[in-house]
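In: Sharing a model that was predicted from the sequence below.
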4 protein chains.
Amino acid sequence: MARRVDPARHEARRLQIIGAGLTVLAARGYEGATTAAICREAGIGSGTFFHYFATKTELVLAILELGTAETVEKAAALEGRTDPLGVLLDLVGSWADDAADPRIPGFVRAVAGVMHLPAVADALAADDRAQRDLLLPWIERGQADGDVRADLPPARIASWLVLLSGGFLERVATDPGFTVVGERDLLVATARAFLVGPGNAGGATAGRRR
Amino acid sequence: MARRVDPARHEARRLQIIGAGLTVLAARGYEGATTAAICREAGIGSGTFFHYFATKTELVLAILELGTAETVEKAAALEGRTDPLGVLLDLVGSWADDAADPRIPGFVRAVAGVMHLPAVADALAADDRAQRDLLLPWIERGQADGDVRADLPPARIASWLVLLSGGFLERVATDPGFTVVGERDLLVATARAFLVGPGNAGGATAGRRR
Amino acid sequence: MARRVDPARHEARRLQIIGAGLTVLAARGYEGATTAAICREAGIGSGTFFHYFATKTELVLAILELGTAETVEKAAALEGRTDPLGVLLDLVGSWADDAADPRIPGFVRAVAGVMHLPAVADALAADDRAQRDLLLPWIERGQADGDVRADLPPARIASWLVLLSGGFLERVATDPGFTVVGERDLLVATARAFLVGPGNAGGATAGRRR
Amino acid sequence: MARRVDPARHEARRLQIIGAGLTVLAARGYEGATTAAICREAGIGSGTFFHYFATKTELVLAILELGTAETVEKAAALEGRTDPLGVLLDLVGSWADDAADPRIPGFVRAVAGVMHLPAVADALAADDRAQRDLLLPWIERGQADGDVRADLPPARIASWLVLLSGGFLERVATDPGFTVVGERDLLVATARAFLVGPGNAGGATAGRRR
DNA sequence: GATGAATGAGGTTTCATTCAT
DNA sequence: CATGAATGAAACCTCATTCAT
């Protein structure tokens, strides 16, 4: 009798709006991304938009949370790996690959522009923490194995890996001559050099250090 | 009767507004930085603001141009130096120091959020080019001297130094535990390792190369 | 297969919605009483609401018509009474008692706020007319009997009785210290004084009039 | 040098908007009185409206406060009077006269419709209190003089005088046949009868009764 | 030059109402 | 019959910008 609530349809619609939001936010920034433009891109009426997201800001948060969730999911896929250094470099590489979707860097920038909104700042902090939580255990295992430099605390190393990925993302967004495919290997190599640390040139050599 | 235009006074007022704009933009982002808020911070009326800048966007451009000008000025101060690697690391270090003014990272983020405005994109591109133009001759000289890796073209190396600085700036803005004073040395060391390249561990070794 | 329409069930549902509407309208006023809020209160879906009432305004009209109908029903219950003054005072008292349902004054106010809608104005006029039609014959009989002052035309007296009841209702709604139980007797006494008129203290004296 | 701020001009504009608001609110109720309609009536742009009132509700509050202020001013004009009963009846009469501006009853109704807004409820309570504070000392003096009934506490008498005025106002708004000029005398007479109380027919007469 | 009152385009959001299921 | 997702008109309000003083 009652209309069957179809959660799958609901979720699909939600994702459709999120996709449109990602596109428009990346292209026009937060203030340029009017709800009208997002609705047009998503092919929905303005009322429908607010059926799914109470606020324009909430759409941004939803996109961020999706990203955070993906980060968490990555953790599961790494179960069973025994090569900490390889895992860490794979993670750095996968973040570089994320930048291949041209919308990602644009979105990141748009979000940076509204970080003064507390809710956005919180979501970004959560995302940051998820990334670092993903890295930390592997850094610790790498240090225990002697593959990762031990002159820096794990948390600091994690920050620097995120720094490299963030700088890479920004560069891709800024410089048309700086492409993911062209620079990805150098990113991984640079990350490897950083992880191995000074005095361990190449990293693969017999761990003679200093 | 005709008031003599005092250019010094005019320029002082302009800088006063620029300072207020920097503060407010950093704190609230582009859209949060209303002209009213900037005027309040600067202690002027709204009419006065538009005497000095035809548009809110023009204020942003003026701030960016000031930064670009500072970059250009740095070039002059380096005249006569003969240690390319040292110069490059000093530049990276000076960019790190810039991040010590807490308004800088906030402003950079605010501007990133409106990069979709063509005028802003152009100004950022000009700033980027100024930074790279500053780096390029020293990279080339470093390569000629054998102090800088030669397996990458100079332009690419320049991009990566900017990448490191950009990632550093972003990290400082994001993570309260990541401070300029605490991480500056590691930035310089990492830049050195990158510049020296793989296979030249430490970089301080007697320049055996090629 | 065809579901037999059950008029009793239909009417029950209708009354349920009317009750919810009365509650929500009284608490939040006309514009604050969204159809969504009324549906939530009634425990129905928004689609169901519009099965029973084509318009939010129509719900208001239905509530008003219910009140008018009750007024008309009161007339029947008075059949056979022979004491016009007593009847009139009973009516005034019963209106005071209506104010004991705390939703009534709130609803009256909410409706007053949308009297500019012609349909509402018409319904209120009908309600007003019903009240006066109820009073008029008893006023006339009271005048004929000499119990009610004859220096005013019946219609005017009716207006004043309604005025007293209306003022009473408003007062109850406004002033928490003004309660139905505390003030009801004084209302009736004041109505009696008014009905008897000046110079006829007590009202029972030999009616010299005309 | 600086533009002279002209408070008189500011206040004039403010009153102009208040007048327009009174007109439109009376005619269309709160929700029908769109800010656009008020601006059109006032002959100003929408931006100007919000220059003077931060909110549509604040305009309503300003109108109410103006009314409250007028009530307070009335108190001063009564200084020196020595006939409490006369003062009280003058006050009742003056409230009746207020209803002669056809916008007043309409406005009162519009406000009643949004009493669920706490700010409006507070303002109405303040207005109510101002009216009663105006009445109270004269009621007390009237009781001391023996001109006013002493069987009811002064506060209760005040409530009833307000009740009569409120009912009168509502009646004028509702019933086209109920006019201020036609009914004003009867209002004063009814108020007198109420103030004098039962058993004091006519009030000043030698009062032989039953 | 300096001011701030005035402007109005345009943005976000609400909500009564429709209709496919 | 009942539902609630979808709709879009329209409301309130913000804010960059103009201009008379």
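Out: Here it is on my side, so go on.

In: secondary structure element for A:Thr82?
Out: If you go by DSSP states H and E, A:Thr82 is not part of any helix or strand.

In: which residues touch it?
Out: Taking Cβ atoms under 8 Å, 6 or more residues apart in numbering or on different chains, we find A:Thr82 in contact with no residue. Glycine gets a C-beta too; all of them are placed from N, C-alpha and C.

In: any idea how far it is from A:Leu134?
Out: Plainly put, A:Thr82 is 17 Å away from A:Leu134 if you go by Cβ to Cβ, to the nearest Å.

In: residue contacts, A:Leu61?
Out: A:119-120, A:123.

In: Now with 7 Å, please.
Out: Applying Cβ atoms under 7 Å, 6 or more residues apart in numbering or on different chains to A:Leu61 gives the contacts A:119, A:123.

In: With only the CA atoms kept, save the helix or strand hosting it in CSV.
Out: Applying DSSP H and E as the criterion places A:Leu61 in helix A:56-77. Taking C-alpha atoms only, helix A:56-77 is exported to CSV below (Å, rounded to 0.1, in the frame of the first residue of the first chain):
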residue,chain,number,x,y,z
LYS,A,56,25.1,24.0,-0.3
THR,A,57,27.7,23.5,2.3
GLU,A,58,26.4,20.1,3.2
LEU,A,59,27.0,19.0,-0.4
VAL,A,60,30.6,20.0,0.0
LEU,A,61,30.8,18.0,3.2
ALA,A,62,29.2,15.0,1.6
ILE,A,63,31.8,15.0,-1.1
LEU,A,64,34.6,15.4,1.4
GLU,A,65,33.2,12.5,3.5
LEU,A,66,33.1,10.4,0.4
GLY,A,67,36.8,11.0,-0.1
THR,A,68,37.5,10.2,3.6
ALA,A,69,35.5,7.0,3.2
GLU,A,70,37.6,6.0,0.2
THR,A,71,40.7,6.6,2.2
VAL,A,72,39.4,4.3,4.9
GLU,A,73,38.5,1.6,2.4
LYS,A,74,42.0,1.7,1.1
ALA,A,75,43.2,0.4,4.4
ALA,A,76,41.3,-2.8,4.0
ALA,A,77,42.8,-3.5,0.6
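
In: Could you pull out the buried residues of it?
Out: A:56, A:59-64, A:67-68, A:71, A:74 (16 or more other Cβ atoms under 10 Å in any protein chain shown).

In: and if you look at stretch A:157-176?
Out: For stretch A:157-176, the buried set under the neighbour-count rule, 16+ other Cβ under 10 Å, comprises A:157-175.

In: Write out the residues of chain A neighbouring DNA strand E.
Out: By Cβ under 7 Å from any atom of the strand, the residues of chain A that approach DNA strand E are A:3-4, A:33-36, A:46-47, A:49-50, A:54-57.

In: Pick the one among the buried residues of helix A:56-77 closest to C:Leu186.
Out: When the buried residues of helix A:56-77 are compared for distance to C:Leu186 (Cβ to Cβ), A:Lys56 wins out at 56.9 Å.

In: That closest one reaches A:Ala36, doesn't it?
Out: No. Judged on Cβ atoms under 7 Å, A:Lys56 makes no contact with A:Ala36 at a distance of 10.7 Å.

In: Could I get the full set of strands for chain A?
Out: Here chain A has no strands by DSSP state E.

In: pLDDT weak spots in it?
Out: A:1-5, A:200-210 (pLDDT under 70).

In: Tell me what angle the longest helix seen in chain A forms with helix A:56-77.
Out: Secondary structure of chain A per DSSP state H: the longest helix is helix A:118-145. Angle, helix A:118-145 to helix A:56-77, by axes from the mean of the first three to the mean of the last three Cα atoms, to 10 degrees: 20 degrees.

In: Is helix A:118-145 positioned near chain B?
Out: Yes. Helix A:118-145 is in contact with chain B by Cβ under 7 Å from any Cβ of the partner chain, via A:Asp128.

In: who does that helix touch, helix- and strand-wise?
Out: Applying 3 or more Cβ pairs under 7 Å, 6 or more residues apart in numbering or on different chains; DSSP states H and E, we find helix A:118-145 packed against helix A:56-77, helix A:84-98, helix A:154-174.
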